[in-house]
Structure formats: structure tokens, C-alpha cells
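J.: attaching a predicted model along with its sequence, questions to come.
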Amino acid sequence: MARRAAPHAAGVLTSFLRGTDVEVDTKAVRERLLRRREELRQRASDASADLRHEADPLSADFAEQVTQRESDDVLGAISHSAQAELQQIEAALRRLASGRYTSCAVCGEDIESERLAAVPYTDRCRSCAEGGRTGGRPARP
Ligand SMILES: [Zn+2]
């Protein structure tokens, strides 16, 4: 990725191209998302351990097998809403990485910064989230 870093741009993504004032501290957001993801994964891991409290003395080998199995099994142990949140967090992290974090997935406009602060993993602007603009993307050049 050949990207020239402006001196002021460290960790801050500004949608300067369209001259709007959406400015997000992507570094802080990323940390927040990663923390939340860790929390959800930990919850999944705990719940999954509760589900199968077999095998009391864990041998090193067994512990390893469990760790491998966990990545597949673990998500089944938490609620669907937690799984959905986890997926939204993953998606938000991908959008952060690709610089599309502040763009609405539906209409392509900027997502309000207060909205991103309130719901850091949202992928749509307020109008789209409220169903105001469900007709798909407007034509853009
Ligand atoms: Zn939108």
C-alpha cells in the first residue's frame, strides 16, 4: 500500500475530500472495537467452557485440542445478538483498515460522527439506519 502520510493524519481519518467535518480518531475507535471483540470472544469462550465441563485434568495435548476446537465451537455458545455484534465489529475493523469506515454502506454518504461515537460498528448513516433511504445507492459520478 503506497500511501503518503500527511503529518497530521496519524490515526485520524478525515473526509477532507468532500469538505465535510466527519473526523474520527480511528486509532481510538480501533482500540475500542478490539477491546469489545476481546470481551465478546472471552464471553464465548467462557460460555463454551461451561457447556462442556468434561475433562477435568487438562493435559497439555488436550488443552491444545480444545484451543483448536474453540475457534469453531466457541461462537455457538453465545447468543445470536452477541454473534451478530461480533460480526459487525469484524466488519468495522475491515472498514477501518480500508479507509471506508466513515462511509455509509447504503448511500455512500458520510456517517455522522456522533453516530459513530455512539455505535462504533455501524455501517450506515442515520437516515439509512432509520430506513429513510432504502432505495439503494443514488447515482454518483
Ligand atoms: Zn446512508
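T.: Arrived safely. A quick note: this is a predicted structure, and the numbers were derived from the prediction, not measured.

J.: output the contacting helices and strands for the top helix by length along the chain.
T.: When the chain is parsed with DSSP state H, its longest helix is helix 26-51. Here helix 26-51 touches strand 12-14, helix 60-73, helix 80-98, going by 3 or more C-beta pairs under 8 Å, 6 or more residues apart in numbering; DSSP states H and E. For the C-beta atoms, the positions are set from N, CA and C on the backbone; glycine is no exception.

J.: may I see the buried residues of that helix?
T.: Residues 26, 29-30, 32-33, 36-37, 40-41, 43-45, 47-48 are the ones in helix 26-51 that count as buried (16 or more other C-beta atoms under 10 Å).

J.: which of those residues scores worst on pLDDT?
T.: By pLDDT, residue 48 ranks lowest within the buried residues of helix 26-51, coming in at 80.

J.: from residue 89, how far out is that one?
T.: 19 Å (C-beta to C-beta, to the nearest Å).

J.: same check, this time on residue 45
T.: For residue 45, the distance to residue 89 equals 16 Å [C-beta to C-beta].

J.: circling back: going by mean pLDDT, which of the helices and strands packed on helix 26-51 comes out lowest?
T.: When I compare the helices and strands packed on helix 26-51, strand 12-14 is least confident, with a mean of 50.

J.: how about the residues of this structure that lie near the ion?
T.: Proximity of the chain to the ion, by C-beta under 5 Å from the ion, involves residues 104, 106-107, 124-125, 128.

J.: for these, pick the one with the most neighbours.
T.: When the residues of the chain next to the ion are compared by neighbour count (other C-beta atoms under 10 Å), residue 125 ends up highest, at 24 neighbours.

J.: ok, now how distant is the spatially closest residue to it that is not a sequence neighbour from residue 114?
T.: Of all residues not flanking residue 125 in the chain, residue 104 sits nearest, at 4.0 Å (C-beta to C-beta, 6 or more residues apart in numbering). Taking C-beta to C-beta as the measure, residue 104 falls 14 Å from residue 114.

J.: this completes my enquiry, with thanks.
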